[in-house]
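**Student:** Dropping the sequence and predicted coords here.
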Amino acid sequence: MSTDKIALDGDTARVGKSPGLAILITALATFMAGLDNLVVLTALPTIRDELGGSLEQLEWTVNAYTLSFAVLMMFGSSLGDRFGRRRVFIGGLVVFTAASAWAALAPGIGELIAARVVQGAGAAAIMPLSLTLLTSAVPAAKRGAALGIYSAVGGLAIAGGPLVGGVVTEHLSWQWIFWINVPVGLLLIPASWRGLKESHGPNNRLDIPGTFLISLGLLGFVYGLIRANGHDGWGAPKVLGPLVGGLLLIVVFVLWEKRTKTPMLPMRMFRNRAFSAVNAGGLLMAFGMYGVVFLITQFMQTVQHMTPTEAGVRMLAWTAMPLLVAPFAGILSDRIGGRPVAVFGLTMLALGFAYWAMVIEPDTSYVGQLPGYLLGGVGVACFFAPLMNLTMSSVEVSEQGVASGSTSAMRELGAALGVAVLSSIFTHNGGYASGQQFVDGFVPALWVAAAATALAAAVMLFAPRRSSITEEPQSAEPVVAVEAPTSSVAG
């Protein structure tokens with residue numbers, strides 16, 4: 001098989017001789033990084049029993065990963081453009097694997113949180129570069145099928161996270177939810193070196209000031225939200241200081257991105273109504289979904305006394321639904337456009353949260369809860385199925401790499417904010433003292449999640465119905481140029 005050249009987003013790479021191996025490597029790496037978003041959730045009650053820790057510290061075991069992942073993702077992509085995507089991807093695998101071992105060996109909750117920060121940094125290099133490396137390795141004619149497999153594996157990570165976490169925690173120990181990453185990582189590191197082709201991007205300058213500003217800004221803001229869950233209260237200096245300081249740094253980041261010649265996230269892209277809608281919709285969806293998952297896994301085990309495995313199995317009605325529904329949602333979005341499918345999905349997710357808020361009690365049976373899980377599963381599937389196409393069709397071809405990274409980072413940021421805000425609502429209205437007290441805090445958090453996802457549905461009405469990008473026809477020659485179109489993007 002000959003190796004064809006392709007030009008992608010201004011860089012030149014070679015289509016790999018073994019696209020199947022590239023699909024396997026990138027999909028497995030993505031599965032591993034995606035799994036750790038949710039795998040820890042069903043282990044939280046066990047971690048609390050063995051390591052101790054307050055609700056605030058439990059939040060950080062989740063948010064340390066998602067926040068680090070979110071704020072460093074675009075920086076990881078820029079590192080790949082500058083130093084080589086394969087090289088940085090392998091570096092991300094090394095960091096993620098080592099941090100997984102550190103998390104498994106953590107003697108206390110503080111060490112576990114620190115390890116999760118480093119894990120997130122490794123994932124921030126793995127996730128965006130895996131997609132770029134896959135695209136470079138697969139011929140254009142087969143790229144759609146490859147991306148379909150890649151997306152399906154990502155969906156499997158979401159579906160399997162709570163179940164894998166529950167089964168491993170109950171039958172081995174919570175430490176093994178991190179140990180299982182180590183052999184996979186050790187296999188992927190040499191396989192990536194041999195099976196992936198090196199490539200560079202057009203952006204060979206790093207926006208280090210921008211990375212520090214947004215990282216410290218978001219860290220301060222989320223830290224303030226989580227501190228408010230404790231005994232400090234919203235008016236305490238330990239809460240207001242980080243909140244105000246974080247917001248100020250975020251404002252400075254926006255101003256810096258407007259002035260610098262090499263921004264990590266060009267602010268002009270947000271003048272595009274469609275791009276802003278897709279990013280805001282993804283952030284609000286993740287805000288509601290992750291915040292609710294964080295609380296409902298604890299409701300199952302703390303209030304209804306399920307084992308971690310039982311909780312993981314029951315979550316499949318929600319998390320595995322995308323595997324069944326997403327293919328049909330994808331076909332439907334091709335026929336009628338992605339926007340109505342995404343809006344329908346977000347509406348179903350909001351209805352699922354609202355249903356739970358109306359029926360949830362300490363003794364509500366699983367059958368009574370089941371409609372909420374099913375509505376949530378259908379909703380997530382219908383939102384994610386057209387999301388990549390909606391993202392790519394909202395910007396010019398030359399900006400699709402940045403757009404994809406931005407959308408992914410916004411979802412991770414939404415996850416961190418959702419866990420922090422909904423936990424704060426839970427704490428101020430209830431607690432762990434009894435089943436009824438837990439429900440007293442859980443119900444208002446569910447209503448806020450329902451409102452956030454309903455707002456996401458309204459925002460997504462501004463997304464493009466169909467692709468507004470007109471791609472250049474592909475040449476029959478071995479060299480395939482993918483160029484930015486000259487037409488403007490409609491809103």
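**Tutor:** Alright, I've got the coordinates.

**Student:** distance between the helix or strand hosting Gly246 and the chain's centre?
**Tutor:** Using DSSP states H and E, Gly246 sits within helix 237-259. Computed by Cα atoms, centre = their mean, to the nearest Å, the chain-centroid distance of helix 237-259 equals 23 Å.

**Student:** same check, this time on stretch 264-279
**Tutor:** For stretch 264-279, the gap between its own C-alpha mean and the chain's C-alpha mean amounts to 18 Å (Cα atoms, centre = their mean).

**Student:** returning to that earlier point: what helices and strands are in contact with the helix or strand following the helix holding Gly246?
**Tutor:** Later in the chain than helix 237-259, the nearest helix or strand by DSSP H and E is helix 273-298. Under the contact definition 3 or more Cβ pairs under 8 Å, 6 or more residues apart in numbering; DSSP states H and E, helix 273-298 sits against helix 44-51, helix 55-83, helix 308-319, helix 338-359, helix 366-384, helix 387-393, helix 400-429, helix 435-459. All C-beta atoms are positioned from the backbone trio N, CA, C, and that covers glycine.

**Student:** And the helix or strand containing Ala27, how far out from the chain middle?
**Tutor:** Using DSSP H and E, Ala27 falls within helix 19-38. Here helix 19-38 is found 14 Å from its chain centre; the criterion is Cα atoms, centre = their mean.

**Student:** Verify the contact between Leu67 and Tyr223 for me.
**Tutor:** No: if you go by Cβ atoms under 8 Å, Leu67 and Tyr223 don't touch, sitting 9.3 Å apart.

**Student:** of these two, who's got more company?
**Tutor:** Leu67 (27 against 22; other Cβ atoms under 10 Å).

**Student:** Contact partners for the more buried one?
**Tutor:** By Cβ atoms under 8 Å, 6 or more residues apart in numbering, Leu67 lies in contact with Gly120, Leu218, Leu219, Val222, Glu412, Leu413, Ala416.

**Student:** Now, of those residues, which are buried?
**Tutor:** Neighbour-count burial (16 or more other Cβ atoms under 10 Å) applied to those gives Gly120, Leu218, Leu219, Val222, Glu412, Leu413, Ala416.

**Student:** which residue packs closest to the fifth one, ignoring adjacent ones?
**Tutor:** In other words, Glu412. Excluding the flanking residues, the one nearest Glu412 by Cβ to Cβ, 6 or more residues apart in numbering is Ala70, at 3.4 Å.

**Student:** Ok, the second one next?
**Tutor:** Once its chain neighbours are removed from consideration, Leu218 has its nearest residue in Val71; the separation is 5.4 Å (Cβ to Cβ, 6+ apart).

**Student:** can I see the domain layout of the chain?
**Tutor:** Using automatic domain parsing, the domains assigned to the chain come out as 16-198, 208-260, 265-467.

**Student:** how many other residues sit next to Val443?
**Tutor:** For Val443, using other Cβ under 10 Å, the count is 19.

**Student:** Test my guess that it contacts Ala357.
**Tutor:** Yes: if you go by Cβ under 8 Å, Val443 and Ala357 touch, sitting 5.2 Å apart.

**Student:** returning to that earlier point: would you turn the contacts of Leu67 into TSV with pLDDT and distance to Arg273?
**Tutor:** Output for those, formatted as TSV (pLDDT from 0 to 100; distance: Cβ to Cβ, whole Å):
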residue	pLDDT	distance to Arg273
Gly120	88	31
Leu218	77	24
Leu219	77	30
Val222	74	28
Glu412	74	23
Leu413	78	20
Ala416	76	26
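
**Student:** Name the nearest of these relative to Tyr290.
**Tutor:** When the contacts of Leu67 are ranked by distance to Tyr290 (Cβ to Cβ), Ala416 comes first, at 7.9 Å.

**Student:** Hmm, that closest one is touching Thr66, no?
**Tutor:** Yes: taking contacts as Cβ under 8 Å, Ala416 lies within contact range of Thr66: 4.5 Å.

**Student:** pLDDT score for the nearest residue to Arg314 once chain neighbours are set aside?
**Tutor:** Closest residue to Arg314 apart from its sequence neighbours, by Cβ to Cβ, 6+ apart: Tyr366 at 5.9 Å. At Tyr366, the model reports a pLDDT of 87.

**Student:** And for Pro202?
**Tutor:** Pro202 carries a pLDDT score of 64 in this model.

**Student:** Same question for Ala454.
**Tutor:** 93.

**Student:** got the contact list for the residue lying closest to it once chain neighbours are set aside?
**Tutor:** Excluding the flanking residues, the one nearest Ala454 by Cβ to Cβ, 6+ apart is Ala350, at 4.2 Å. If you count contacts by Cβ under 8 Å, 6+ apart, Ala350 has them with Gly288, Gly379, Ala450, Ala451, Thr453, Ala454, Ala456, Ala457.

**Student:** Against Phe344, how distant is Ala350?
**Tutor:** For Ala350, the distance to Phe344 equals 11 Å [Cβ to Cβ, to the nearest Å].

**Student:** For Val380, grab the count of nearby residues.
**Tutor:** 26.

**Student:** Kindly provide the distance from the residue nearest to Arg314 to Phe328.
**Tutor:** Taking Cβ to Cβ, one finds Tyr366 at 26 Å from Phe328.

**Student:** Equivalent analysis for Thr169, please.
**Tutor:** 33 Å.

**Student:** One more: Leu446?
**Tutor:** Leu446 is 28 Å from Phe328, by Cβ to Cβ.

**Student:** which of those two has more neighbours?
**Tutor:** Neighbours were counted for Leu446 and for Phe328 using other Cβ under 10 Å; Leu446 has more, 27 against 13.

**Student:** quick one: common contacting residues for Ala416 and Thr66?
**Tutor:** Both Ala416 and Thr66 are in contact with Tyr290, where contact means Cβ under 8 Å, 6+ apart.

**Student:** ok, and what's touching stretch 307-318?
**Tutor:** So stretch 307-318 is contacted by 42-43, 45-46, 159, 162-167, 169-171, 293, 296-297, 300-301, 306, 366, 370, 373-374, 376-377, 380 (Cβ under 8 Å, 6+ apart).

**Student:** Distance from the chain centre to that stretch, please.
**Tutor:** Centroid displacement of stretch 307-318 relative to its chain, using Cα atoms, centre = their mean, is 21 Å.
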